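**Q** got a structure for you, letters missing:
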């Protein structure tokens, strides 16, 4: 029952917080401020937006699942993993879950060619960035000490570094 309750809490958190940030508010913005439109072809916007939405959704789901399976916690700050999650996608970026949410917002901006949603996405990224620097990184350093410090030195905050050397 323990593992299934972690995933149920993850689902509830996801519907409430990321669901509101990544889907609810962008949908309201699309209705409230439909113009001006991004200067892209509607078909191109639909295709690029759909790819961004799908990739962002899969990225979020994978990383949220990883929080439960590897760390025994949820994405909620009130129920965070006990263990520092550093494997899988977290070995390329320290914040792939946030990247997934941002890709969902970007996908909607592109699909609807909405400057309002795009600006919302910029604001969301700034908020995420400030939360990470101001709260999450100091908290993780205090909680995990040298293990987090070594991880932080090895893995970039946002943009993944891929080493293709063999």
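**A** Received, thanks. Remember, predicted model here, so these are calculated numbers, not experimental data.

**Q** What count of nearby residues applies to the residue nearest to residue 118 when sequence neighbours are not counted?
**A** Distances taken as CB to CB, 6 or more residues apart in numbering place residue 109 nearest to residue 118, at 4.1 Å, with adjacent residues excluded. Every residue, glycine included, has its C-beta placed from N, CA and C. As a burial measure, residue 109 scores 26 neighbours (other CB atoms under 10 Å).

**Q** Enumerate every residue touching residue 109.
**A** 26, 38, 49, 115, 117, 118, 120, 121 (CB atoms under 8 Å, 6 or more residues apart in numbering).

**Q** Work out for me the element it sits within.
**A** Taking DSSP states H and E as the definition, residue 109 sits inside helix 96-112.

**Q** what mean pLDDT does the helix or strand that contains residue 119 have?
**A** Using DSSP H and E, residue 119 falls within helix 115-131. The pLDDT scores in helix 115-131 average 97.

**Q** for stretch 87-102, same thing?
**A** Averaging pLDDT along stretch 87-102 gives 96.
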